[in-house]
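A.B. asks: Need a 3D model of the sequence below.
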Amino acid sequence: MKLEKKNLELAIQLRHELHAHPELSNHEVWTKQHLINFLKANTNLEIVDRGLWFYAIYRSKVGRRNVAFRADFDALPIDEVIDLPYGSQYPGVSHKCGHDGHAATLCGFALEIDQKGCDNNVFFLFQHAEETGDGAAQCSVFIKENSMDEIFAWHSMSGLKYNTVYVIDGTAHCASKGMTIYMEGVPSHASEPEKGINPAFAIAKVIDAIPGFMDPANNRGLVLCTVVQVDIGAKAFGVNASRGVLRMTIRALYEDDLDKLQKNLEGFAKAEAEKYGLKVSFEYQDEFPETSNHKESSNKIRQVCKQNGLQMLELPEAFRGSEDFGHYTKLTKGAYAYIGNGEDYPNLHSYEFDFRDNLIETAVELFKGLAVL
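C.D. replies: You can find the predicted model right below:
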């Protein structure tokens with residue numbers, strides 16, 4: 001059964017309302033409440049409020065399996081520069097990753113399940129803070145607490161054929177984290193550098209060692225280390241710098257390679273710091289797991305597309321960008337799918353991006369098919 005026109009219209013209207021009121025990760029107060037209010041007004045689903053996040057439940061009279069579907073709802077610190085009738089009302093914040101569309105899709109799907117029923121128990125998980133990697137790490141307790149048999153999610157994706165579903169077995173998104181190395185020495189007058197300890201040379205050697213750590217010959221899969229900031233000393237030409245910071249994004253197709261890269265960088269930095277007499281410390285943030293699809297779940301996406309006449313293609317390789325959905329698939333079966341925005345559509349996280357409303361119907365039909373398997 002196709003998505004009811006009224007339900008599609010409600011989902012699109014909701015998407016526009018969410019788009020106009022974007023909120024950053026861990027600050028999605030209005031967004032969360034607006035989604036709850038929508039579900040309370042339009043469905044009879046049970047709502048479980050967990051503070052920063054929540055989920056809704058459809059309990060089947062048959063109740064064969066517990067199947068979950070997840071949507072994220074945080075926005076990005078990016079200005080809205082395109083002219084939209086539902087444009088962001090908050091300067092510097094906008095939905096440039098399409099999470100407004102993901103949340104609206106899940107609500108449209110919830111309307112359909114609430115109205116038409118399902119033989120499985122269906123859980124609708126609304127997650128905060130995907131962009132920072134905090135959300136799924138906190139929401140993953142949901143899996144064990146509710147004995148979830150399987151979980152699915154999707155993302156709109158630019159660069160892929162329009163309105164076409166894509167799926168891949170195994171790794172779908174690389175693991176990554178932000179790594180900071182702090183080094184501290186001893187200041188001195190710039191005319192007497194020998195009386196101080198400057199971290200610049202040790203930091204330079206760490207940077208110089210990075211290509212070797214990324215060498216494919218030394219790793220099982222893709223490994224990347226991107227220098228994002230180097231900050232040594234200050235604009236003071238009479239002072240020999242004594243403090244330095246090196247910030248990198250480290251990334252790998254497999255988590256064991258990421259762990260190895262981190263240990264190599266830490267070990268090399270410690271050795272250089274000891275050589276020069278520097279204090280060294282490390283800090284990590286924006287930590288994302290490897291997101292890996294279970295083949296059984298990926299095959300269900302293929303099956304639904306074939307049965308429902310949805311266009312589908314195989315994703316040729318994993319995305320380098322990270323996604324915190326991997327926290328869930330460590331605990332139960334599941335898969336992450338993509339629906340194309342078009343090969344030439346503006347990229348996610350770009351100023352020109354806006355979620356394409358036409359994808360909602362395709363995503364809901366995909367979810368409806370998965371819900372009954």
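
A.B. asks: switch to C-alpha atoms for all contacts and neighbour counts from now on
C.D. replies: Noted.

A.B. asks: a strand runs through Phe124, doesn't it?
C.D. replies: Yes: assessed by DSSP: H, G, I helix; E, B strand; the rest coil, Phe124 belongs to a strand.

A.B. asks: so it touches Gly108, yeah?
C.D. replies: No: assessed by Cα atoms under 8 Å, Phe124 is found out of contact with Gly108, at 10.8 Å.

A.B. asks: who's more crowded, those two?
C.D. replies: Neighbours per residue (other Cα atoms under 10 Å) separate Phe124 from Gly108, with Gly108 holding more: 27 against 23.

A.B. asks: Does the more buried one touch Gln13 like I think?
C.D. replies: No: the pair Gly108 / Gln13 is not scored as a contact, 10.6 Å apart, by Cα under 8 Å.

A.B. asks: And the helices in the stretch 201-350 of the chain?
C.D. replies: 255-276, 295-308, 326-329 (DSSP state H, counting those that start in this stretch).

A.B. asks: Which one of the ones you listed lies nearest to Gly117?
C.D. replies: Across the helices of the stretch 201-350 of the chain, Gly117 has its closest neighbour in helix 295-308 (17.8 Å, Cα to Cα).

A.B. asks: Would you mind writing the CA trace of that closest one as CSV?
C.D. replies: Provided in CSV are the C-alpha atoms of helix 295-308 (Å, rounded to 0.1, in the frame of the first residue of the first chain):
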residue,chain,number,x,y,z
LYS,A,295,24.4,-8.9,5.3
GLU,A,296,21.1,-10.4,6.4
SER,A,297,19.7,-6.9,7.0
SER,A,298,21.2,-5.4,3.8
ASN,A,299,19.6,-8.2,1.9
LYS,A,300,16.2,-7.2,3.4
ILE,A,301,16.7,-3.7,1.9
ARG,A,302,17.4,-5.4,-1.5
GLN,A,303,14.3,-7.6,-1.1
VAL,A,304,12.0,-4.7,-0.3
CYS,A,305,13.3,-2.6,-3.2
LYS,A,306,12.7,-5.5,-5.6
GLN,A,307,9.2,-6.3,-4.2
ASN,A,308,8.0,-2.7,-4.2
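
A.B. asks: List the contacts of it.
C.D. replies: Under the contact criterion Cα atoms under 8 Å, 6 or more residues apart in numbering, helix 295-308 has outside partners 150, 165, 167-170, 310-312, 333-337, 365-366, 369-370, 373.

A.B. asks: Buried ones among these?
C.D. replies: Neighbour-count burial (16 or more other Cα atoms under 10 Å) is assigned, among the contacts of helix 295-308, to 150, 165, 167-170, 310-312, 333-337, 365-366, 369-370.

A.B. asks: Could you report the pLDDT at the closest residue to Leu224 other than its chain neighbours?
C.D. replies: Once flanking residues are discounted, Leu224 sits nearest to Arg251: 5.0 Å by Cα to Cα, 6 or more residues apart in numbering. Arg251 carries a pLDDT score of 98 in this model.

A.B. asks: burial count for Arg251?
C.D. replies: 30.

A.B. asks: tell me which residues form a beta bridge with Val67?
C.D. replies: Per DSSP bridges, the residues bridged to Val67 are Val122, Glu150.

A.B. asks: got the contact list for it?
C.D. replies: Asn120, Asn121, Val122, Phe123, Met148, Asp149, Glu150, Ile151, Ala371.

A.B. asks: what about 10 Å?
C.D. replies: By Cα atoms under 10 Å, 6 or more residues apart in numbering, the contact set of Val67 is 120-124, 143, 146-152, 333-334, 370-373.

A.B. asks: and what of Asn146?
C.D. replies: Taking Cα under 10 Å, 6+ apart, we find Asn146 in contact with Asn66, Val67, Ala68, Phe123.

A.B. asks: Name only those of those residues that count as buried.
C.D. replies: Asn66, Val67, Ala68, Phe123.
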